[in-house]
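[1] I need the structure of the sequence given here:
(one chain, ligands or ions: 2)
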Amino acid sequence: MVLCGAGLSASSGLPTFRGMGGHWRKYEVMELATFEAFKKNPVRVWQFYTYRRKEALNAKPNKAHYALAELARRKNCITVSQNVDGLSPRANHPDDKIFHIHGSLFTLRCESCDYAEPNLDDPVKPELAIPEDENAPLPDLSPEALPRCPSCEMLLRPGVVWFYEDPPQDDVKAVEDWMDLGRIDLFLVIGTSSSVDPAAKYSTMARDKGARVAVFNINRDDEPVGGMRKKDWFFKGDAAVLLPELLRSVVGEIDEDGAIVKPPSNPNNQ
Ligand code: BJW
Ligand code: ZN
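    Residues are numbered from 1 along each chain as shown. Ligands and ions are numbered 1, 2, ... in the order given. Alright, predicted model coming up:
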């Protein structure tokens, strides 16, 4: 089982959540990533997510995304991703083996009814375009400029899971059902500060199913909840370098574009 966070995409050039210093321009990110913020200032929140969507669309999956996608094709394993950047889907990670428990930047959903749509437009509406110059002021828009639900006319919002919101219940249930199936050998914790529930709970749950834990993180202090145990591993460094190396005997040698340039030496490696 794999749990990944923003550090997986750091080498693709996307800042981690806490790595942004908690700020975007002069705004506190914590104050943009809540439904309360959206109700108060939907224009500002939409401008923040327009910026995030553009950054993610301009980024490319890295070797770690491709290695995890290949691992999923070869092993009985699931990935729980906290990432909303769409890079794992773009690395062709099998759809039925990954659960995006914090949603996606590229789904729009209605703030009021059940309407949802995939959307890759940049920007979603022309008025939302963000000035290239970071110091240039953000355009002062009226909420009329924001995307609206074709079904009920209320505002559409980014399809991410904000603080205090429930992660998609179907996904949470599917993850728990999979964990209940039997023993878990190994739990990989990749590029996450393990600071947000429910993701932070999964390492303890996996341990209860017998898992040993392997952490991949540039920061030795970012341990999973409950700390490290005797038979765990901590690989300190860039996930995009470490993972393809550590998984090479199982997934083969992968190039920058995700092509397997050398087959695995030990595909049945347990
Ligand atoms: C590298 C690297 C490299 C860097 N290689 N590594 C007080 C305030 C706010 C909230 C709460 C609160 N008290 C309680 C709450 C609830 C909250 C919570 O858990 N808070 C904790 C403080 C306890 N949880 C929730 O609100 C969740 N909802 C919930 O629990 O509902 C109840 C429920 C549970 C279960 C079932 C049903 C109901 C929802 C949480 C939603 C989080 N949403 C966000 C924003 C998404 C939208 C957006 O992106 O704008 O998700 S918050 C943010 O944190 C984002 C991330 O997915 C998430 C996790 O962060 P992540 O990925 O770990 O990133 P970072 O930046 O923290 O860490 C990066 C790591 O990478 C670091 O360790 C680096 O060292 C490392 N790294 N480069 C390897 N190259
Ligand atoms: Zn609606």
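[2] Could you pull up the residues touching Asn83?
    If you count contacts by C-beta atoms under 8 Å, 6 or more residues apart in numbering, Asn83 has them with Cys4, Gly5, Ala6, Leu8, Ser9, His100, His102. Every C-beta, even on glycine, is put in place using the N, C-alpha and C of the backbone.
[3] counting residues per helix, which one in this structure is longest?
    In the chain, with assignment by DSSP state H, the single longest helix is helix 42-58.
[4] Does that one reach ligand 1?
    No - between helix 42-58 and ligand 1, judged by C-beta under 6 Å from any ligand atom, nothing touches; the nearest distance is 6.5 Å.
[5] where's that helix relative to the chain centroid, distance-wise?
    Remark: helix 42-58 is offset 15 Å from the chain centroid, using C-alpha atoms, centre = their mean, to the nearest Å.
[6] ok, now stretch 95-114?
    Distance, stretch centre to chain centre, for stretch 95-114: 11 Å (C-alpha atoms, centre = their mean).
[7] Is any residue of it near ligand 2?
    Yes - in terms of C-beta under 5 Å from the ion, part of stretch 95-114 sits within range of ligand 2, namely Cys110, Ser112, Cys113.
[8] How about the contacts made by the residue lying closest to Glu127 once chain neighbours are set aside?
    The spatially closest residue to Glu127, leaving aside those adjacent along the chain, is Ala145, at 4.0 Å (C-beta to C-beta, 6 or more residues apart in numbering). Residues near Ala145 by C-beta under 8 Å, 6+ apart: Val43, Lys125, Glu127, Leu128.
[9] Which of the residues of stretch 95-114 next to ligand 2 has the largest number of neighbours?
    Using other C-beta atoms under 10 Å as the neighbour criterion, Cys110 leads these with 20 neighbours.
[10] Over to that one: give its phi and psi.
    The phi/psi pair for Cys110 (degrees, to the nearest 10) reads phi -80, psi 140.
[11] Repeat that for Pro118.
    phi -70, psi 140.
[12] Correct me if wrong: it contacts Phe106.
    Yes - with contact defined as C-beta atoms under 8 Å, Pro118 counts as touching Phe106 (6.2 Å).
[13] quick check, Leu188 in a strand?
    Yes - assigned with DSSP: H, G, I helix; E, B strand; the rest coil, Leu188 falls within a strand.
[14] From ligand 1, how far out is the residue lying closest to it once chain neighbours are set aside?
    Leaving aside its sequence neighbours, Leu188 sits nearest to Val2 (C-beta to C-beta, 6+ apart; 4.6 Å). Using C-beta to the nearest ligand atom, to the nearest Å, one gets 13 Å for the distance from Val2 to ligand 1.
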